[in-house]
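*Asks:* I would like the atomic coordinates for the input below:
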Amino acid sequence: MSKRGKAAGDPGRPPWVLAAEILSVTVFAGLAIPLMVGALAAIWKARMWWALVAGPVAGYLLADVGSGTVHWFGDTFYEENTPVIGPLLIRTFREHHRDPESITRHGFFEVNGCNCLGLIPFLLIEWWFSSLHINSAFATFFQAALVALVVGLFGTNQFHKWSHARQVPAFVRWLQRRRLILSPAQHQRHHRGGFNRSYCITTGWMNSVLDAIHFYPILERAIRAFRPLFAGGEEMER
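*Replies:* Modelled structure (predicted):
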């Protein structure tokens, strides 16, 4: 087993983590629902069709890269017992390596809470941008991309969970087969590759590209060159 899959004094799941997850989901929903309705109405009203196509594609691709970057970070740095970030983020990834089906036993808040917390700044940016009432092709593109980015990142952990589930609804299987969300076959490249590749877990579209250019190994070397920035937590050994 890879060292990345071993626990370093697994502290379990503190009660405050569930409270933080519930709060994050609640705040996310309160910000996202009215914002998405307003943004979609503005996008449709603009009738700038190229932006309506290009924006969601760009946002969904960016969501895939974002999911891969968070996944890579959780697999690579710090420990499960690192204060705050350990139980909130690191523990889930390391537990998943020890028991790949563990995610299928997680409830809604455990699966989606951390994602919602990370998305709140993006929603605040969208609220600010919407308040400017800018009518241009770029504004339409930006709003469409941001909506797709938020939707993609919100669904990432659920897509990941479904990729490990033994049974999923028919519509989920349909989406997986068309690679509109992460498919089991695509995600197995990560597990069979020693947890060192194919980190993207929204759709997996960007895995081949990022693996080919060695994006994450290069990024890791760059970060480790500035190791003092991460002195607050222990790094996982290679």
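
*Asks:* rest of the way, CA atoms for contacts and neighbours
*Replies:* Noted.

*Asks:* Kindly export the host helix or strand of residue 121 (C-alpha atoms) in PDB.
*Replies:* Assigned by DSSP states H and E, residue 121 falls within helix 108-131. The C-alpha trace of helix 108-131 is given here as PDB (Å, rounded to 0.1, in the frame of the first residue of the first chain):
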ATOM      1  CA  PHE A 108     -24.900  14.100   2.400                       C
ATOM      2  CA  PHE A 109     -23.200  16.700   4.700                       C
ATOM      3  CA  GLU A 110     -20.000  14.700   5.000                       C
ATOM      4  CA  VAL A 111     -19.800  14.300   1.200                       C
ATOM      5  CA  ASN A 112     -20.700  17.900   0.300                       C
ATOM      6  CA  GLY A 113     -19.900  20.100   3.300                       C
ATOM      7  CA  CYS A 114     -16.200  20.800   2.500                       C
ATOM      8  CA  ASN A 115     -17.000  21.600  -1.100                       C
ATOM      9  CA  CYS A 116     -19.700  24.100  -0.100                       C
ATOM     10  CA  LEU A 117     -17.300  25.800   2.300                       C
ATOM     11  CA  GLY A 118     -14.700  26.200  -0.500                       C
ATOM     12  CA  LEU A 119     -17.300  27.600  -2.900                       C
ATOM     13  CA  ILE A 120     -18.600  30.400  -0.700                       C
ATOM     14  CA  PRO A 121     -15.900  32.800  -1.800                       C
ATOM     15  CA  PHE A 122     -16.800  32.100  -5.500                       C
ATOM     16  CA  LEU A 123     -20.400  32.800  -4.800                       C
ATOM     17  CA  LEU A 124     -19.500  36.100  -3.100                       C
ATOM     18  CA  ILE A 125     -17.500  37.100  -6.200                       C
ATOM     19  CA  GLU A 126     -20.600  36.300  -8.400                       C
ATOM     20  CA  TRP A 127     -22.900  38.300  -6.100                       C
ATOM     21  CA  TRP A 128     -20.500  41.300  -6.400                       C
ATOM     22  CA  PHE A 129     -20.200  40.900 -10.200                       C
ATOM     23  CA  SER A 130     -23.900  40.600 -10.600                       C
ATOM     24  CA  SER A 131     -24.400  43.800  -8.700                       C
END
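
*Asks:* Please name every helix or strand in contact with it.
*Replies:* Under the contact definition 3 or more CA pairs under 8 Å, 6 or more residues apart in numbering; DSSP states H and E, helix 108-131 sits against helix 15-46, helix 137-164.

*Asks:* and these, which one's lowest on average pLDDT?
*Replies:* Looking over the helices and strands packed on helix 108-131, mean pLDDT reaches its minimum on helix 15-46, with a mean of 86.

*Asks:* Can you tell me which residue is spatially central in the chain?
*Replies:* Closest to where the C-alpha atoms of the chain average out (CA atoms, centre = their mean) is residue 67, at 3.3 Å.

*Asks:* What distance do you get for it to residue 55?
*Replies:* 18 Å (CA to CA, to the nearest Å).

*Asks:* pLDDT score for residue 5?
*Replies:* pLDDT, residue 5: 40.

*Asks:* With the one 4 residues further on instead?
*Replies:* We have a pLDDT of 42 for residue 9.

*Asks:* so who does the residue nearest to the centre of the chain touch?
*Replies:* Each residue near residue 67 by CA atoms under 8 Å, 6 or more residues apart in numbering is listed here: 153, 156, 199-202.
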